[in-house]
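Undergrad: sequence plus predicted model, see below.
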Amino acid sequence: MVMNSTPTLDYNTDIIQAVSFIASVLQCPTVDDFCSYVELIAIEFHKVNAIDMLKQQFLRSLQKLSKGSSSALQGGELFRTTDEFLWNVFDFCRQGGPVSLTDTEKQEIDSQLSKALPTIKSGLHEAFLPLNADQRQTAKIYRSAVQFLVDDFGNLNVVENRTTMDSEPKRSPMALSEQLAELLKSGPVESLDEELVCWEDDSALGPFPYNPPRIDVAGVPSSHKWWNEDDRKFKK
């Protein structure tokens with residue numbers, strides 16, 4: 001069952017309550033000050049709603065992988081499921097989503113990631129194999145998603161409660177952080193790292209290279225070195 005412990009925000013009601021608070025408590029000296037406060041609050045509410053939506057998309061795609069298997073996902077379904085999952089990881093993490101997770105959600109993600117890892121490993125083969133220079137932007141998104149998995153979900157600092165410890169089967173001796181780190185040493189990821197370096201050389205792109213639409217990579221750490229300076233200059 002996908003967790004949804006974050007209460008759904010009633011955008012209009014919350015904005016009205018915030019405006020009432022500004023009017024009655026802050027007592028803004030000018031109309032411009034009042035409007036500035038209202039605009040800032042509206043922006044913050046929008047961010048919270050957007051991150052919650054990205055979190056639910058990530059949780060749904062993770063649940064799908066944890067309940068399936070590489071043998072059960074046939075006819076391109078493994079590729080589509082892995083592609084959806086990697087995109088959701090990328091979007092959720094670059095917006096700082098993992099910091100919003102509750103302890104209950106961390107426990108659920110920790111458990112589901114452990115179950116899903118064999119399917120994820122098989123899915124990386126399916127997703128990475130067809131990539132070429134024309135799809136280098138998708139390749140960078142996939143690679144960042146893998147790095148986010150290792151960096152953001154390998155150390156969730158899960159707080160186990162007594163019920164969880166007593167009721168769940170014993171975990172593999174290898175910690176989740178170690179299992180995720182192994183993804184970086186897997187064949188598909190190592191091959192993709194080599195291809196990404198190669199594709200930075202214009203001569204490898206051919207005489208008529210395809211340049212995909214640029215995307216805003218704000219929130220992607222500088223350690224994701226496959227995003228070059230030109231990639232990082234683009235802002236929405």
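TA: Structure received.
Undergrad: in the helix or strand hosting Cys93, which residues are buried?
TA: Assigned by DSSP states H and E, Cys93 belongs to helix 77-94. For helix 77-94, a neighbour-count test (16 or more other CB atoms under 10 Å) marks 78-79, 81-94 as buried. Every residue, glycine included, has its C-beta placed from N, CA and C.
Undergrad: extract the CA atoms of that helix and return them as CSV.
TA: In CSV, the C-alpha atoms belonging to helix 77-94 read as follows (Å, rounded to 0.1, in the frame of the first residue of the first chain):
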residue,chain,number,x,y,z
GLU,A,77,7.0,-3.6,-19.4
LEU,A,78,10.3,-3.9,-17.6
PHE,A,79,11.7,-1.1,-19.7
ARG,A,80,8.7,1.2,-19.2
THR,A,81,8.5,0.6,-15.5
THR,A,82,12.2,1.2,-15.0
ASP,A,83,12.1,4.4,-17.2
GLU,A,84,9.1,5.7,-15.2
PHE,A,85,10.9,4.9,-11.9
LEU,A,86,14.2,6.6,-12.9
TRP,A,87,12.4,9.8,-14.1
ASN,A,88,10.4,9.9,-10.8
VAL,A,89,13.6,9.5,-8.7
PHE,A,90,15.2,12.3,-10.7
ASP,A,91,12.3,14.7,-10.4
PHE,A,92,11.6,14.0,-6.7
CYS,A,93,15.3,14.1,-5.6
ARG,A,94,16.4,17.2,-7.5
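Undergrad: pLDDT below threshold where in this protein?
TA: Applying pLDDT under 70 to the chain flags residues 1-48, 70, 157-173, 202-209.
Undergrad: what ranges does it have for its helices?
TA: Using DSSP state H, the helices of the chain run over residues 11-21, 31-67, 77-94, 103-128, 136-153, 162-167, 176-181, 187-199, 229-233.
Undergrad: can you list contacts of the fifth one?
TA: Spelled out, it's helix 136-153. The contact list for helix 136-153, computed with CB atoms under 8 Å, 6 or more residues apart in numbering, reads 85-87, 89-90, 93-94, 98, 109-110, 113, 124, 127-128, 131, 176-177, 180-181, 183-184, 189, 192-193, 195-196, 199, 212, 215, 220-221, 223-224, 226-227, 231.
Undergrad: try 7 Å this time
TA: If you take CB atoms under 7 Å, 6 or more residues apart in numbering as the criterion, helix 136-153 is touched by 86-87, 89-90, 93, 98, 109, 113, 127-128, 131, 180-181, 183-184, 189, 192, 195-196, 199, 212, 215, 220, 224, 226-227.
Undergrad: equivalent analysis for the last one, please.
TA: Residues external to helix 229-233 that are found in contact with it (CB under 7 Å, 6+ apart): Val217.
Undergrad: buried sites along it?
TA: So, applying 16+ other CB under 10 Å, buried residues of helix 229-233: Asp231.
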